[in-house]
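Q: Sequence and predicted structure are below.
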Amino acid sequence: MQLRTFGRTGMQLSVLGYGCGAVGGLMVRGDPTDQERTVARAIAAGVNYFDTAVLYGNGESENNLGRVLQKLKPAGVIVGTKVRVPPGEAGRVAGAVTMSLEGSLARLRLDRVDILHLHNPITETGGGSALSVQQVLDEVVPAFERLRQQGKTRFLGITAVGDTMALHQVIDAGAFDSAQVVYNMLNPSAAEQLPMNYPAQDYGRLFDHTEAAGVGVVGIRVLAGGALSGSAERHPIASPAPEPIGSAMSYGADLDRARRLIPLVKEGLAASLTEAATRFALSHPAMGTLLVGMATPQQFEDALAAVQKGPLPRAALDRLSELRQGFSGEPR
């Protein structure tokens, strides 16, 4: 398993991380034996980053990961979790953040996590579930720093969803060590300029900002919530088709565009769409670790096999770019 230096943290993270989210559902609704077997297999394969959140199954993901890690007692595992400040707590951020992390640590059976990510969207002015740039810098950062000083987290992170300019401002401020960034074959805008009138959020070469600030990147929505499998079928323990982030406004539109990338497979540039999507995400040097959610142990094996093949070759990246040109001008 390839290890990559994670921003300025000094940590070496496996390029394939273990996503414990609710979309795939293995660590939320899966069989406990499958959970333990798959985590053990991941550790044996060299995976060292495990990513969870209190929001995944209302704490079930953290509970299950904590139980499995306590049983396996692996050395050198890196754990990240997240806190979402509820809308009613916007004026009491410090208390909400502290209470959330205390609950997470209890469920994870840990004294500290390695990375604590803010899970709220970040926008210019905030509102609803989003926090404003000023709330993040003036309230969240001091609250997170206090928890770091207390030894309850090593590093501070954000989930980089919301308004592009707001995300740039927060990353440029240099207060965070990690950013979870949307990056996939349907929306590569964290790395490159999108064609004109392209149907996706333009993240404005966000990787330029993370690199300049020394922020490590956790790749999220690598499979666009499952759309980049090219199949509408979902495993019984997976979540319903999720609301897309950063790409189309509907899962159906994401699925339709994903299927228009199938020439990559037919022309022998990748064995499957999911393999292409996974290898695409690790093709960019800014990627510290990428998360692939899973419903079954076999889906972990598929992700591992894809990563072991390495980045997509130049010919595949060029063909992908060519296929994406056809999306320009379509409604998002």
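A: Nice, I can see it. Numbers count the residues shown, from 1 in each chain.

Q: what does stretch 238-251 contact?
A: Applying C-beta atoms under 8 Å, 6 or more residues apart in numbering, the contact partners of stretch 238-251 are 22-25, 161, 182, 184, 186-187, 189, 199-201, 203, 220-221, 224-227, 232, 234, 253-254, 257, 295, 332. C-beta here means a position set from N, CA and C on the backbone, and glycine is covered the same way.

Q: for stretch 192-211, same thing?
A: Stretch 192-211 is touched from outside by 7, 160, 164-165, 167-168, 171-172, 179, 181-182, 186-191, 215-217, 246-248, 253, 257, 284, 286, 324-325, 327-332, with contacts defined as C-beta under 8 Å, 6+ apart.

Q: Looking at these, which are in helices?
A: Using DSSP state H, 164, 165, 167, 168, 171, 172, 253, 257, 324, 325 are the members of the contacts of stretch 192-211 that sit in helices.

Q: got those as TSV, with pLDDT columns?
A: Conversion of those to TSV gives the following (pLDDT from 0 to 100):
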residue	pLDDT
164	98
165	98
167	98
168	98
171	98
172	98
253	93
257	95
324	95
325	93
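
Q: re the thing from before, so which of the contacts of stretch 192-211 are in strands?
A: Among the contacts of stretch 192-211, the residues falling in strands (DSSP state E) are 179, 181, 182, 216, 217.

Q: So which of these wins on neighbours?
A: If you count neighbours using other C-beta atoms under 10 Å, the busiest of those is residue 181, which has 30 neighbours.

Q: Let me see the contact set for that residue.
A: Taking C-beta under 8 Å, 6+ apart, we find residue 181 in contact with 160, 190, 203, 206, 207, 210, 217, 218, 219, 220.

Q: before we move on, what about residue 60?
A: 27, 28, 29.

Q: Pull out the buried residues from those.
A: By neighbour count, with 16 or more other C-beta atoms under 10 Å, the contacts of residue 60 hold 27, 28, 29 as buried.

Q: Which of the three states applies to the second one?
A: Secondary structure for residue 28, judged by DSSP: H, G, I helix; E, B strand; the rest coil, is helix.

Q: How many residues are close by the closest residue to it other than its chain neighbours?
A: Spatial nearest neighbour of residue 28, excluding adjacent residues (C-beta to C-beta, 6 or more residues apart in numbering): residue 57 at 3.6 Å. A count of neighbours around residue 57, defined by other C-beta under 10 Å, yields 20.

Q: count of neighbours near the residue lying closest to residue 96 once chain neighbours are set aside?
A: Leaving aside its sequence neighbours, residue 96 sits nearest to residue 89 (C-beta to C-beta, 6+ apart; 3.9 Å). Per other C-beta under 10 Å, the neighbour tally for residue 89 reads 15.

Q: Residue 127 now?
A: Here the number of neighbours of residue 127 (other C-beta under 10 Å) works out to 12.

Q: any idea how far it lies from residue 76?
A: The gap separating residue 127 from residue 76 is 41 Å, by C-beta to C-beta, to the nearest Å.

Q: can you check residue 276 too?
A: 31 Å.

Q: Pull the contacting residues for the spatially most central residue of the chain.
A: Centroid check for the chain by C-alpha atoms, centre = their mean gives residue 220 as the closest residue, at 2.6 Å. Taking C-beta under 8 Å, 6+ apart as the criterion, residue 220 is in contact with 159, 180, 181, 182, 183, 245, 291.

Q: just to revisit the earlier point, now the contacts of residue 60 as CSV including distance to residue 15 and pLDDT?
A: Listed next are these as CSV, based on distance: C-beta to C-beta, whole Å; pLDDT from 0 to 100:
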residue, distance to residue 15, pLDDT
27, 20, 93
28, 24, 92
29, 27, 91
